[in-house]
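*Asks:* heads up, no residue letters with this:
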């Protein structure tokens, strides 16, 4: 019964003009491609930020711990 309902909905959704249907599909595909490209660019930026953050964290490991920095500043002041 449910299958008949969905097949009726699909049939009702099919356009009468196949050329227009193809144009709509191509437009959807174009939007999806643009979204995918934007996501790829965001992923690259995120990876770059993570790499920079890891490099900064690595450098700060070689520096004094924050508590020691505060103690040194207090003693100098």
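*Replies:* That came through fine. All of these numbers come straight from a predicted model, not from anything done at the bench.

*Asks:* Please count neighbours and contacts with C-alpha atoms only from this point.
*Replies:* Fine.

*Asks:* Could you list the low-pLDDT ranges of this protein?
*Replies:* 1-15, 61-70, 72-77 (pLDDT under 70).

*Asks:* ok, 80 please
*Replies:* 1-16, 59-77 (pLDDT under 80).

*Asks:* what ranges do the helices span in it?
*Replies:* Remark: helices assigned in the chain by DSSP state H are 2-13, 18-61, 66-76.

*Asks:* residues contacting residue 35?
*Replies:* Listed by CA atoms under 8 Å, 6 or more residues apart in numbering, residue 35 has no contact partners.

*Asks:* how close does it get to residue 42?
*Replies:* 11 Å (CA to CA, to the nearest Å).

*Asks:* Next: residue 31.
*Replies:* 17 Å.

*Asks:* Likewise for residue 52?
*Replies:* Following CA to CA, the distance that separates residue 52 from residue 42 is 15 Å.

*Asks:* Same question for residue 56.
*Replies:* Residue 56 is 21 Å from residue 42, by CA to CA.

*Asks:* same question, residue 54
*Replies:* In terms of CA to CA, residue 54 sits 18 Å off from residue 42.

*Asks:* And for residue 59?
*Replies:* 26 Å.

*Asks:* separation between residue 57 and residue 50?
*Replies:* When residue 57 is compared with residue 50 (using CA to CA), they lie 10 Å apart.

*Asks:* try residue 29
*Replies:* Here the criterion is CA to CA. By it, residue 29 lies 31 Å from residue 50.

*Asks:* got it, and residue 16?
*Replies:* Taking CA to CA, one finds residue 16 at 51 Å from residue 50.
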